[in-house]
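Chemist: Sequence isn't available, so here's the structure alone:
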Ligand SMILES: Nc1ncnc2c1ncn2[C@@H]1O[C@H](COP(=O)(O)OP(=O)(O)OP(=O)(O)O)[C@@H](O)[C@H]1O
């Protein structure tokens, strides 16, 4: 199915590309993602069919879990790629569905039509957001292999986190998000800073000593929460996690860390560290949320490790 490798370097984490011929695509579309950008998807499909002669089938989701089931139900070889049209939540579901095929040694490539609020994975891969650009990337068939990771069996491609960011993801008002987009996360962060229970977490990285921290982010990609950078060395294509440790507790330190992330100053904090890892375990208040790619992916305690397979993704 995949042709021989040719190396090119593109956006962060995008190297070691191969190419495949694209003739048939299944598009899994979340019609409510990103405030209903259906017109963009129609434009992409029209270009794929008319300009590139590609056969496209669009399957719309009816609710949570559909994107994952649709992707899992695909017969490897029946389509050249499965395209996730939605936000990072929809893409994550599709990746979880495609995981079954990749783990069985029959990987089905992933394509992306970014239609969400933040589109972090698309930014990491350098996938454009305009219809012309998206169609061009999907039709070109250039693939890069990403190394996802798993949190208690749930796959994530970009990051998993415990602490303030997981609570924000868990509690964000989804109706407000539909109305004002990213601002809903700012509102929820302020709420959590005001209410915040000062939980502590115990982290063990690659079987090393246990460290006590206020928050953890285990990153596969270098972008975080949009275009912020907590782990400059993280690469989707590396079989490695970069784990950020935020040791100090209390509201003042939480605010300091939020400022550090948003102002790009984290690297200047003497108490903040990034540790390369293949696996980690986080313990803390049982049932505390673990966010993965911007949705609640697991509950504490959590074991996070690299997946034992790679996923080909259509990139620019
Ligand atoms: N037809 C549907 N109706 C309602 N919710 C749906 C439907 N299909 C999927 N969902 C759910 O919508 C949620 C949000 O989807 P997604 O993350 O793709 O979009 P978003 O929230 O707009 O973008 P982002 O993740 O970038 O913020 C997902 O948790 C998904 O399970």
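Modeler: Yep, that arrived. Keep in mind it's a predicted model, so treat the numbers as computed, not measured.
Chemist: buried sites along the helix or strand of the chain with the lowest mean pLDDT?
Modeler: Among the helices and strands of the chain, strand 17-19 carries the lowest confidence by mean pLDDT, DSSP states H and E, at a mean of 82. Taking 16 or more other C-beta atoms under 10 Å as the neighbour-count basis, strand 17-19 is seen to contain the buried residues 17-18. For every residue, glycine as well, the C-beta is placed using N, CA and C.
Chemist: tell me what that strand is packed against?
Modeler: strand 142-146 (3 or more C-beta pairs under 8 Å, 6 or more residues apart in numbering; DSSP states H and E).
Chemist: and residue 147, how many neighbours does it have?
Modeler: Residue 147 sits with 20 neighbouring residues when counted by other C-beta atoms under 10 Å.
Chemist: Please apply the same query to residue 234.
Modeler: Neighbour tally, residue 234, other C-beta under 10 Å: 28.
Chemist: Quickly list the domain ranges of this structure.
Modeler: Domain assignment for the chain by automatic domain parsing gives 17-149, 154-307.
Chemist: Which stretch among the ones you listed approaches the ligand most closely?
Modeler: domain 17-149 (2.0 Å; C-beta to the nearest ligand atom).
Chemist: now the domains of the chain in a markdown table, with distance to residue 316?
Modeler: Listed next are those as a markdown table, based on distance: least, C-beta to C-beta, whole Å:
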| stretch | distance to residue 316 |
| --- | --- |
| domain 17-149 | 5 |
| domain 154-307 | 14 |
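Chemist: interface residues of the stretch 1-150 of the chain facing the ligand?
Modeler: 30-34, 61-64, 66, 86-90, 116-119 (C-beta under 6 Å from any ligand atom).
Chemist: So which of the residues you listed are in helices?
Modeler: Within these, residues falling in helices by DSSP state H are 66, 88-90.
Chemist: picking that back up, most tightly packed of the domains of the chain?
Modeler: The highest average neighbour count among the domains of the chain, using mean count of other C-beta atoms under 10 Å, belongs to domain 17-149 at a mean of 20.
Chemist: gap between the two ends of it?
Modeler: For domain 17-149, the first-to-last residue distance is 20 Å (C-alpha to C-alpha, to the nearest Å).
Chemist: SS state for residue 94?
Modeler: helix (DSSP: H, G, I helix; E, B strand; the rest coil).
Chemist: swap in residue 28?
Modeler: strand.
Chemist: Good, wrapping up.
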